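J.: show me the folded form of this:
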Amino acid sequence: MADIKRKITRAVAVLAVALGAGHLVQNMSKSQLPERVARTEVLPEPKAIQTVAATAVLPRPALPAPATAAPIAATAPTPPVAKPAPAPIVLAATGATETMPDAVPLPKLLPAPVVPLVAAPQIAAPAPQLADACAITLDLMAEPNEMIGIMLQAPCHVNERVVVKHAGLAVSAMTTANGALFTSIPAFEPAANIDVVFADGKTATGEIAMPDVAQLRRFGVQWQADDSFQVHAFENGAGYGQAGHVSGADPHHPMAGLPSSGGFLTLLGDSTAKNPLLAEIYTFPADPVATAEVVVESAVTEATCGRELLAETLNIVGGKVFVAELTLAMPDCTAVGDYMVLKNLVLDLNIAAAE
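T.: Residues are numbered from 1 along each chain as shown. So this is what the prediction gives:
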C-alpha cells in the first residue's frame with residue numbers, strides 16, 4: 001500500500017515538474033518573438049523562381065525566326081508533349097544525311113541543276129617546225145652543152161656510196177664527209193628526171209627541163225666493176241693519138257662555161273666506191289658536117305682474161321634513149337696486154353629515125 005502511495009506521489013511530482021517546464025517554455029517563446037520577426041524583415045525578399053517541367057518542349061516558331069522571346073513566367077507543370085521526329089537534312093553536295101535533334105522540319109533541299117559547260121573553241125597555235133637534221137635536198141642546174149649539174153645535200157649520209165640514175169644511165173658516186181655530192185651528167189631527154197639512190201633504199205628525185213638535148217647525138221657504154229670498157233672517137237678521119245682522137249686519156253671536154261665546138265667524152269662513176277658503176281658518154285660535134293667514127297675497146301687484163309664481160313650501150317638520138325646489152329667473151333690469159341675492139345655499136349641514124 002505504501003508502495004502504491006509512493007508511486008502516486010512520484011507521478012504527481014513529475015507531472016508538476018512537466019507543467020512548470022511547459023509554462024517556462026511558453027513564456028520564453030513569447031518574450032523572444034519580436035526579436036525573431038525583426039531579424040526576418042531585414043532579409044531581402046527572395047526572387048521568384050521560375051519552374052519549368054523538365055519534360056516540357058515548346059514548339060519553335062515557323063520560318064523566318066522571330067526576335068528572341070521574352071522570359072516565360074513560371075507556370076504549373078504541363079503534361080509532356082511528344083517530340084517531333086528529327087527532320088533529315090539532305091546535303092546536296094555529297095548526298096549524305098544528318099539528323100538534328102529538336103529541329104523544325106525544313107523544306108527538302110534539291111541539288112542545283114548542273115549546267116553543262118561548253119568549252120570555248122581553242123585555236124591551236126601552229127607548232128614550230130623543227131629543222132630535220134637529216135633532211136635530204138637535191139638541186140639540179142642546167143649547164144652548157146646540155147649537161148645537168150647535180151647538187152646533193154644529205155647530212156646523215158656521209159662518205160656513202162650512192163647511185164645516180166637518169167634515163168637508163170646508172171653510175172655510182174661517193175658523198176663527202178658532210179654528206180654532199182657535186183657532179184654533172186649529160187642529159188639524155190628533154191624532160192630530165194634524176195634519181196639519187198642511197199644505200200638504205202632512200203631516193204632523192206629531181207626534174208629539170210633540157211629542151212636542146214634533142215639537137216644532140218650521144219653514145220655511151222656502161223659497166224660494173226672490173227668489166228672495163230673504153231670509148232674512142234676519131235673525128236674527121238683522125239687516128240690514134242692525133243688531134244681528132246677523143247678518149248679517156250684526152251676527153252676534149254670543153255672548158256667550164258663555154259660551148260663545145262667539137263665532140264667530147266664524159267667519164268662517169270667513182271671507181272673508189274664499193275662495186276662501182278662506171279660509164280663513158282661521147283657527145284658528137286654539134287656541127288652536122290663533122291664526122292666521127294666511134295669504137296669500144298676492152299683491154300685483156302688479169303681481171304678480165306678468160307671470162308665473159310657484160311655491159312650496156314646507150315644511144316641518144318633526138319631526145320630518145322636506146323639501151324642495148326653488150327656481151328664480150330675475152331680470150332684466155334695468154335692474151336693479157338691485148339685489146340678487143342668493137343665496131344658498129346653506134347645506132348644508125350636512119351634506124352633511129354624509123355624507131
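J.: all helices of the chain, in order?
T.: Under the criterion DSSP state H, the chain contains helices at 2-41, 349-354.
J.: for residue 328, give me its contacts.
T.: 298, 308-309, 311, 340, 342 (C-beta atoms under 8 Å, 6 or more residues apart in numbering). Any C-beta I mention is one placed from the backbone N, CA and C, and that applies to glycine too.
J.: and those, which of them are buried?
T.: 298, 309, 311, 340 (16 or more other C-beta atoms under 10 Å).
J.: quick check, nearest of these to residue 171?
T.: Closest approach between the buried ones among the contacts of residue 328 and residue 171, by C-beta to C-beta: residue 311, at 13.0 Å.
J.: out of the contacts of residue 328, give me the two with the largest separation.
T.: 308 and 342 (13.8 Å).
J.: in terms of contact, does residue 347 touch residue 317 like I think?
T.: Yes - using C-beta atoms under 8 Å, residue 347 makes contact with residue 317 at a distance of 6.5 Å.
J.: nearest residue to residue 307 in space, please, no chain neighbours.
T.: residue 330 (5.9 Å; C-beta to C-beta, 6 or more residues apart in numbering).
J.: how about stretch 205-221, which residues are buried there?
T.: The neighbour-count check on stretch 205-221 (16+ other C-beta under 10 Å) flags 206, 208, 210, 213, 216-221 as buried.
J.: reformat the buried ones among the contacts of residue 328 as TSV; add pLDDT.
T.: Shown next, in TSV, are the buried ones among the contacts of residue 328 (pLDDT from 0 to 100):
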residue	pLDDT
298	96
309	96
311	97
340	95
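J.: which of the buried residues of stretch 205-221 sits closest to residue 231?
T.: Closest to residue 231, out of all of these and judged by C-beta to C-beta, is residue 221, at 6.0 Å.
J.: just give the nearest non-adjacent residue to that closest one, would you?
T.: Nearest to residue 221 is residue 229, by C-beta to C-beta, 6+ apart, at 4.9 Å.
J.: which residues touch residue 205?
T.: Residue 205 makes contacts with 138, 193-196, as judged by C-beta under 8 Å, 6+ apart.
J.: so what sits opposite it in the bridge?
T.: residue 195 (DSSP bridges).
J.: kindly report the same for the one 4 residues further on.
T.: Applying DSSP bridges to residue 209 yields these beta-bridge partners: residue 191.
J.: run a quick neighbour tally on the residue nearest to residue 332 when sequence neighbours are not counted.
T.: Nearest residue to residue 332, sequence neighbours excluded (C-beta to C-beta, 6+ apart): residue 306, at 4.7 Å. Around residue 306 there are 14 other residues, counting by other C-beta atoms under 10 Å.
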